[in-house]
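# no sequence on this one, just coordinates:
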C-alpha cells in the first residue's frame with residue numbers, strides 16, 4: 001500500500017475491504033511522506049519493519065528484486081490525487097499490478113499516459129469506483145441489459161453531502177485540506193471528489209456515454225479555492241438526457257448518492273444509504289422493491305452477495321467486491337489464464353478525467369454546452 005497512514009480515512013477502508021474475503025494480505029507499504037509516520041503505521045499493522053519503506057520509489061525498487069514467491073503481487077494506491085499517476089506508473093514499470101483510488105489522475109493528459117502504460121505493460125489496473133460493487137447496482141445494470149427499461153430516456157444522479165458547509169480546511173482537517181487544494185486535488189473539488197462517482201454510476205448501469213454537458217459550478221464558502229457545489233445537464237450519445245447534481249455544502253446530508261433511470265418500458269431507483277433495495281417500476285404496473293439476497297435477483301447480483309437476505313450488506317462489502325474481482329484477475333494473470341472480470345478499469349479512469357475536465361471547461365465558459373473529447 002502507498003498512503004493510508006495514521007488518521008487517513010480511505011486507507012483503512014481499503015485495508016478492511018481487501019482483507020474481507022481472505023484473498024489478499026498486506027505485507028509491505030509506504031504509508032506516509034513522513035518515514036517516521038510510515039514506520040509507526042507499519043508497526044500498528046504488524047508488518048515486518050524491513051518492508052515498511054521510506055518512499056514509494058524505494059518500495060518499488062526493493063520489492064522488484066525479491067524472489068517471486070516473496071515480493072508483492074500488486075500495490076494499492078490510497079494517496080491524494082496528485083500522486084496517483086506517478087505512483088501507479090512507477091509500480092507498473094516495475095512489473096506490479098495496481099489498484100488505485102479515484103479520480104485516477106490529476107489531469108486527462110496524465111490519465112491517457114497512464115492508460116498507455118497499462119496497455120504496454122499488460123498489468124491489471126483496477127480503479128476503486130466502489131459503488132459499482134453493490135449487488136443491487138449490478139442488478140440494476142442487468143435489468144437495463146435485459147431490456148426491462150426499454151430505451152433509456154433520462155438519468156438523474158445526485159450526490160449531496162454537507163461536510164464542507166464550513167471552511168474546515170482552515171482548521172487543519174486532513175481530508176478537507178487536500179481536497180480543497182487544486183495542487184493536490186486537481187482542477188475540480190466537488191465534481192472531482194464525488195461527482196465522478198455519480199457519473200460513473202450512471203455509465204455503469206446504463207452503458208451510455210456522454211456526448212456533451214452543461215455545467216454550473218459554485219463556490220459557496222468564501223475563500224475556498226475549488227467549487228463545493230455543481231449542477232450539470234448532460235446529453236448522452238443516442239439521445240438520452242441527464243441531470244447530475246453534486247454538493248458538499250448541503251446542510252444535513254451525509255452521503256446521499258442516489259440514481260434514477262427512466263426508460264420507455266420502466267424505471268429504476270437506487271440509494272446508497274439504503275443499498276440493499278432497488279426500486280423497479282415496469283410500465284403500467286405497480287412499483288416493485290427488489291431486495292438483495294433473494295432468489296429472484298440475477299446471477300450477477302447473487303455472485304457478489306455474501307450474506308442471506310435480511311442481513312444487510314453495505315459499504316465495505318461493495319468496496320471488497322472491487323478487490324475480490326481485481327484479485328481474481330491478478331491470480332488469472334499469474335497462472336497464465338484468461339477471464340472476464342467486473343471491476344472499473346483504466347478506461348473508466350480516462351472517462352472519469354474527461355468528465356471532470358469537460359465539466360470544468362463548461363463551467364468556465366459562457367457557451368456552456370461543451371462537447372466530450374474524443375478518447
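That came through fine. Because the structure is a prediction, the values reported are computed rather than measured. Numbering: from 1, shown residues only.
# secondary structure of residue 350: a helix, I assume?
Yes - using DSSP: H, G, I helix; E, B strand; the rest coil, the assignment for residue 350 is a helix.
# test my guess that it contacts residue 108.
Yes - counting by Cβ atoms under 8 Å, residue 350 does reach residue 108; the two are 7.4 Å apart. C-beta: built from backbone N, CA, C; applies to glycine.
# what ranges in this structure fall below the confidence cut-off?
In the prediction, the chain carries no residues with pLDDT under 70.
# run through the residues that contact the residue sitting nearest the centre point of it.
Geometric centre of the chain, nearest residue: residue 129, 2.1 Å, by Cα atoms, centre = their mean. Residues in contact with residue 129 (Cβ atoms under 8 Å, 6 or more residues apart in numbering) are 102, 196-197, 200-201, 204, 322, 344, 348, 352.
# go through those residues and flag which are in helices.
Those of the contacts of residue 129 mapping onto helices are 196-197, 200-201, 204, 322, 348, 352, per DSSP state H.
# from residue 155, how far out is the residue of the chain most remote from its centre?
For the chain, the largest distance from the centre (Cα atoms, centre = their mean) belongs to residue 284, which lies 35.4 Å off. In this view, residue 284 and residue 155 are 22 Å apart by Cβ to Cβ, to the nearest Å.
# show me where the chain has its helices.
Under DSSP H, the chain gives helices at 9-19, 35-44, 56-64, 84-93, 108-121, 135-145, 174-179, 182-185, 190, 196-206, 299-303, 315-334, 346-363.
# let me have the ones in helices among the contacts of residue 129 in JSON lines, adding distance to residue 255 as columns.
What follows is those, written out as JSON lines (distance: Cβ to Cβ, whole Å):
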{"residue": "196", "distance to residue 255": "15"}
{"residue": "197", "distance to residue 255": "10"}
{"residue": "200", "distance to residue 255": "15"}
{"residue": "201", "distance to residue 255": "13"}
{"residue": "204", "distance to residue 255": "18"}
{"residue": "322", "distance to residue 255": "17"}
{"residue": "348", "distance to residue 255": "21"}
{"residue": "352", "distance to residue 255": "19"}
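# dump the residues you listed into JSON lines; add neighbour count and distance to residue 87 as well.
Converted to JSON lines, those look like this (neighbours: other Cβ atoms under 10 Å; distance: Cβ to Cβ, whole Å):
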{"residue": "196", "neighbour count": "26", "distance to residue 87": "19"}
{"residue": "197", "neighbour count": "22", "distance to residue 87": "21"}
{"residue": "200", "neighbour count": "23", "distance to residue 87": "21"}
{"residue": "201", "neighbour count": "27", "distance to residue 87": "26"}
{"residue": "204", "neighbour count": "20", "distance to residue 87": "25"}
{"residue": "322", "neighbour count": "25", "distance to residue 87": "18"}
{"residue": "348", "neighbour count": "21", "distance to residue 87": "18"}
{"residue": "352", "neighbour count": "26", "distance to residue 87": "17"}
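# list just the nearest of those to residue 27.
residue 322 (19.9 Å; Cβ to Cβ).
# quick check, the closest one in contact with residue 137.
No - the pair residue 322 / residue 137 is not scored as a contact, 11.8 Å apart, by Cβ under 8 Å.
# residues contacting residue 10?
The neighbourhood of residue 10, defined by Cβ under 8 Å, 6+ apart, consists of 4, 78, 101.
# could you dump those residues into a markdown table with distance to residue 358 added?
Shown next, in a markdown table, are the contacts of residue 10 (distance: Cβ to Cβ, whole Å):
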| residue | distance to residue 358 |
| --- | --- |
| 4 | 30 |
| 78 | 26 |
| 101 | 21 |
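# out of those residues, which end up buried?
Neighbour counting with 16 or more other Cβ atoms under 10 Å marks 4, 78, 101 as buried within those.
# out of the helices of the chain, which gets nearest to residue 74?
helix 315-334 (5.7 Å).
# now the angle between helix 9-19 and the closest one, please.
Going by axes from the mean of the first three to the mean of the last three Cα atoms, to 10 degrees, helix 315-334 is angled at 60 degrees with respect to helix 9-19.
# which strands or helices does helix 315-334 pack on?
In terms of contacts (3 or more Cβ pairs under 8 Å, 6 or more residues apart in numbering; DSSP states H and E), helix 315-334 is packed against helix 9-19, strand 97-100, strand 125-127.
# closest one to residue 334 among these?
For residue 334, the closest of the helices and strands packed on helix 315-334 is strand 97-100, at 9.1 Å, according to Cβ to Cβ.
# about what we covered before: any chance of the helices of the chain in a markdown table, with distance to residue 289 too?
Formatted as a markdown table, the helices of the chain follow (distance: least, Cβ to Cβ, whole Å):
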| stretch | distance to residue 289 |
| --- | --- |
| helix 9-19 | 27 |
| helix 35-44 | 43 |
| helix 56-64 | 46 |
| helix 84-93 | 38 |
| helix 108-121 | 38 |
| helix 135-145 | 10 |
| helix 174-179 | 34 |
| helix 182-185 | 38 |
| helix 190 | 31 |
| helix 196-206 | 17 |
| helix 299-303 | 14 |
| helix 315-334 | 19 |
| helix 346-363 | 29 |
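# buried residues, stretch 285-305. List them.
Buried residues in stretch 285-305, counted by 16+ other Cβ under 10 Å: 290, 292-293, 297-298, 301, 304-305.
# in JSON lines: those residues, plus distance to residue 222.
Conversion of the buried residues of stretch 285-305 to JSON lines gives the following (distance: Cβ to Cβ, whole Å):
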{"residue": "290", "distance to residue 222": "45"}
{"residue": "292", "distance to residue 222": "43"}
{"residue": "293", "distance to residue 222": "47"}
{"residue": "297", "distance to residue 222": "48"}
{"residue": "298", "distance to residue 222": "48"}
{"residue": "301", "distance to residue 222": "45"}
{"residue": "304", "distance to residue 222": "44"}
{"residue": "305", "distance to residue 222": "46"}
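# no further questions, thank you.
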